[in-house]
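>>> need a 3D model of the sequence below.
(2 chains)
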Amino acid sequence: MSANLAEQFSRLPDLLAAHMLLVAAALAAGAAISLPLGILCARSPRLRGPAVGFASTIQTVPALALLALMVPLVGRIGFLPAFLALTLYSMLPMLRNAVVGLAGVDGAVREAARAVGMTPAQSLWKVELPLAAPVILAGVRTATVWVVGMATLATPVGASSLGNYIFSGLQTRNWTAVLFGCVASALLALALDQLLRALESGVARRRPARAAGAAAGFAALILAAIAPALLPASSSAPAAGHAAVASGPAPSLAGRRVTVGGKPFTEQYVLAHLIAGVLEDAGAQVRLREDLGSTIAFDALIRDEIDLYVDYTGTIWASVMNRDDAAGRDAMAVRVAAWLLDQHGVTDLGRLGFENAYGFAVTRAAAQENSLASVADLNRLDGLSIGGDPEFFGRPEWIAARDAYGLQATRTRPMDSTFMYGAVRDGAVDAITAYTTDGRIDAFDLVLLADPAGALPPYDAILLLSPAAGADRALTDALRPLLGAIPPGAMRRANAMVDLEGESPEAAAAFLASEIGISGEPAAP
Amino acid sequence: MAVVQLRNVSKAFAGRPAVADVSFSVAEGETVALVGESGCGKTTTLKMINRLIEPDSGELMLFGEPAEAAPAPLLRRRIGYVFQEIGLFPHLTVAENIGITPALLGWDKARIAARVDALLDMVRLGASRRGAMPGELSGGQRQRVAIARALASQPSLLLMDEAFGALDPLTRHDLRSDLKAIQAEAGFAIVLVTHDMAEAAILGDRILVMQEGRVLQDAAPAELIARPADDYVAHLLAAPEREAAAFAAARRGHG
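Numbers count the residues shown, from 1 in each chain, chains lettered A, B, ... in the order given. So this is what the prediction gives:
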């Protein structure tokens, strides 16, 4: 447990820096837009309705959805979409308080400002803004607390933040990491809130020294936190990719920077670290971009924002190619590879050797009691409830399975995949749509039901390379030993190490590497 | 030379005429009182003089020049303005409030400080109140600061809109006589708006009676009382006497 905690602390400087950079940039941009807009609104009531209405509407969009929507809008993942979403989100409290604060300035004082001979600008700077400052600062405070919290949701769109603790911790059942991320984010919000409160009361009580002290503390905290992000990393080596390629007939990856993507679940973390280890052995500098949302990872790949990641044939078939017909395992693999190259220039290097399909799972006791062997047997159960990840119930194969096996009356219970194994074990649901490589199937004594109608498509793990990476011989050569090398049993054991034994994904990747005879240490986090 | 001259000035709000075809002038050092019922256009007329409200039509001359010749903020720095709501800047000290117009005019600090001290003395507040915040003062003290602020740049015209309306009778009486003394010394002209006929008669060299945006009569107080233009003016001018009679009756009744 203490090693786990030390591990979390070691990630803190980078994640806190990334989180703070995101927060500071979004707040600065939000303030730069909202405060002048608030002043305009206070002067022209016709603008006020539409502007405040727009900001309020943005506030009604769920934070995670707003972040996800920014990705197709700006056409990339990472800092930019997260920054834009947080900026938009921060606007309402600052805009509203600027409008309210300025409108709240006594009309007699405004009239006096005009009457003593102030120009509109002098009235604004010398009278209205100083009087509205406490209300405006209260808005900045609210925005700060909101944005610190919302920045934890930037992880799935590819922006690092304290949310990395929460998202990866949730998937790998590392509750220490989840709690660590929550506490870090809450402490950050509290610290910034208290500093802004000191600034606010200094301004309200007209104590310039106190206000200046608080402002300096606020700036210092932000600077100290983002310093690691601004200073060049000491470990960074000069990039010399071309020279290395030209120097010999067997190209190595010395100096080549490779970005490995991954989706937010255990198997993807393990595979990302395994691949990173292989590439680092070949001399590459690897950057991990974990925790990408499912379609966000694919979008990032076709735009060359990440070089490679592991996806599954059934996912590409249903979610990317939008096919709802069935196909055999080999036929699907061939057609997916051809389609990816043809439509997006994406190289499907090949299958890794195991399948991580969806399978309907029940407890062994329930299977024996109700003599369940096939999915078709489930419709004999009264009030059948099935748990699964939210993505599954939106996929065509659920529709296909439901119709093929007469499961129309089923109650579907979408939940985070990490919780569904426990849910079926404890009887909260009758069956789940398990991932067939998950270690908890064996550990919780679950039984996978047969799918005689072939409703559930195959899910072979495949290694996908971006258009640019696919053309890089050195890179593809370095990755080729992974193809066909990972048997399902080995993958399941690696997953179980993380999910059940509390090992880190790096440790599981090291185990997997030795298990399948791939040399090399896994990547450092 | 007239300090203020209005010729055929009109103003309507949302199509409703507030001031219609008003003409009058104010000489140097003269005090003119605008009287009439609420909504008669007297405040609108006053605020058009320092261009807090812009007229729709007509001509306004200030200090012998067309009012539009200079930007309104520059013009207002030469005209004092005191109103019922007082409108001191709550985030500035008494001294900063009084010195605001000289500061806008770019006076140096020593000159502003000397002027502030002289004004505090003039409105009988005492230099010890320099650093006080407006919130720490009584209503009468606040209005004294407002008068000092209005006179800070030594204007030759002071506009007053019900300036003493919210004060208790004793404070009002004191301030009124102090103002007369200050005016006698400094020699500025005053245009004041009031609904108090006694105040208009005491302070005013001339009284303009307004009704529905028009000037009914423009005359010295004695002339107005002796020869009112119509029954309405006579009725309005008799208000203080009616009040005094009612007060006397009440005294008898309860004494």
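
>>> spell out which parts of chain A neighbour chain B.
A:106-109, A:111-119, A:122, A:127, A:130-131, A:206 (CB under 8 Å from any CB of the partner chain). The C-beta positions use only the backbone N, C-alpha and C, and glycine is treated the same way.

>>> quick one, which of these are buried?
A:109, A:111-119, A:122, A:127, A:130-131 (16 or more other CB atoms under 10 Å in any protein chain shown).

>>> strands - which of the residues of chain A next to chain B land there?
In strands, defined here by DSSP state E, there are no members of these.

>>> which of these fall within helices?
Within the residues of chain A next to chain B, residues falling in helices by DSSP state H are A:107, A:108, A:109, A:111, A:112, A:113, A:114, A:115, A:122, A:130, A:131.

>>> need those in CSV (columns: pLDDT).
Shown next, in CSV, are these (pLDDT from 0 to 100):
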residue, pLDDT
A:107, 93
A:108, 94
A:109, 95
A:111, 95
A:112, 95
A:113, 96
A:114, 95
A:115, 95
A:122, 94
A:130, 92
A:131, 93
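
>>> so which of those residues comes closest to residue A:278?
Nearest to residue A:278 among those, counting by CB to CB, is residue A:130 at 61.9 Å.

>>> thought the closest one was touching residue B:91?
Yes. Residue A:130 lies in contact with residue B:91 (CB atoms under 8 Å); the separation is 5.1 Å.

>>> in a helix, residue B:4, correct?
No. Assigned with DSSP: H, G, I helix; E, B strand; the rest coil, residue B:4 falls outside any helix and is strand.

>>> okay, and the closest residue to it other than its chain neighbours sits in which element?
Nearest non-adjacent residue to residue B:4, counting by CB to CB, 6 or more residues apart in numbering or on different chains: residue B:26, 4.2 Å away. If you go by DSSP states H and E, residue B:26 is part of strand B:16-27.

>>> now that strand: buried residues?
Within strand B:16-27, the residues that count as buried by 16+ other CB under 10 Å are B:18, B:19, B:20, B:22, B:24, B:26.

>>> tell me the one of those nearest residue A:53?
Minimum separation from residue A:53 among those (CB to CB) is found for residue B:18, which lies at 33.9 Å.

>>> got the contact list for that closest one?
B:11, B:12, B:41, B:44, B:213 (CB atoms under 8 Å, 6 or more residues apart in numbering or on different chains).

>>> run through who's touching stretch B:240-247.
With contact meaning CB under 8 Å, 6+ apart, stretch B:240-247 is reached by B:197, B:198, B:201.

>>> could you point out where chain A is predicted with low confidence?
Residues of chain A that meet the criterion pLDDT under 70 lie in A:1, A:229-251, A:519-525.

>>> scan it for its longest strand.
strand A:347-355.

>>> give me the low-pLDDT residue ranges for chain B?
B:254-255.

>>> the residue nearest to the spatial centre of it and residue B:87: what is the separation?
Geometric centre of chain B, nearest residue: residue B:160, 1.4 Å, by CA atoms, centre = their mean. To residue B:87, residue B:160 is 13 Å away according to CB to CB, to the nearest Å.

>>> of the contacts of stretch B:240-247, which is the most crowded?
Compared across those, residue B:197 has the highest neighbour count, 24 neighbours, by other CB atoms under 10 Å in any protein chain shown.

>>> didn't that one look like it was pressed against residue B:237?
Yes. Using CB under 8 Å, residue B:197 is in contact with residue B:237, at 6.0 Å.

>>> would you map the helices across the stretch 201-350 of chain A?
A:208-230, A:241-247, A:266-281, A:294-302, A:313-315, A:329-344 (DSSP state H, counting those that start in this stretch).

>>> between those helices, which one is nearest to residue A:424?
Of all those, helix A:266-281 sits nearest to residue A:424, with 17.7 Å by CB to CB.

>>> quick one, what contacts the residue in the stretch 301-450 of chain A positioned nearest to chain B?
Here the stretch 301-450 of chain A gets closest to chain B at one residue, residue A:305, 50.7 Å apart by CB to the nearest CB. Listed by CB under 8 Å, 6+ apart, the contact set of residue A:305 reads A:76, A:77, A:78, A:158, A:259, A:466.

>>> rerun at 10 Å
Listed by CB atoms under 10 Å, 6 or more residues apart in numbering or on different chains, the contact set of residue A:305 reads A:75-78, A:158, A:259, A:261, A:289, A:292, A:296-297, A:299, A:466.

>>> out of those, who's nearest chain B?
residue A:78 (44.3 Å).

>>> for the nearest residue to that closest one once chain neighbours are set aside, the count of nearby residues, please.
The shortest distance from residue A:78 to any residue other than its chain neighbours is 4.5 Å, reached at residue A:158 (CB to CB, 6+ apart). Residue A:158 has 26 neighbours, counted by other CB under 10 Å.

>>> so residue A:158 makes contact with residue A:306?
Yes. Counting by CB atoms under 10 Å, residue A:158 touches residue A:306, with 8.3 Å between them.

>>> from residue B:218, how far off is the residue lying closest to residue B:220 once chain neighbours are set aside?
In this structure, residue B:220 finds its nearest non-sequential neighbour in residue B:206, 5.7 Å apart by CB to CB, 6+ apart. Distance, residue B:206 to residue B:218, using CB to CB: 6 Å.

>>> what do these two both touch?
In contact with both residue B:206 and residue B:218: B:24, B:32, B:34, B:224, using CB under 10 Å, 6+ apart.

>>> for chain A, state which of those residues is nearest.
residue B:34 (17.1 Å).

>>> am I right that the closest one is in a strand?
Yes. The assignment for residue B:34 is a strand, going by three-state DSSP.

>>> near chain A, which residues of the stretch 51-200 of chain B are found?
Within the stretch 51-200 of chain B, the positions lying close to chain A (CB under 10 Å from any CB of the partner chain) are B:51-52, B:71-92, B:97, B:100-105, B:133-134, B:146, B:149-150, B:152-153, B:159, B:161.

>>> if we use 7 Å, what do you get?
Within the stretch 51-200 of chain B, the residues that sit near chain A (CB under 7 Å from any CB of the partner chain) are B:52, B:73-74, B:76-77, B:81, B:85-87, B:89-91, B:100-101, B:104, B:149.
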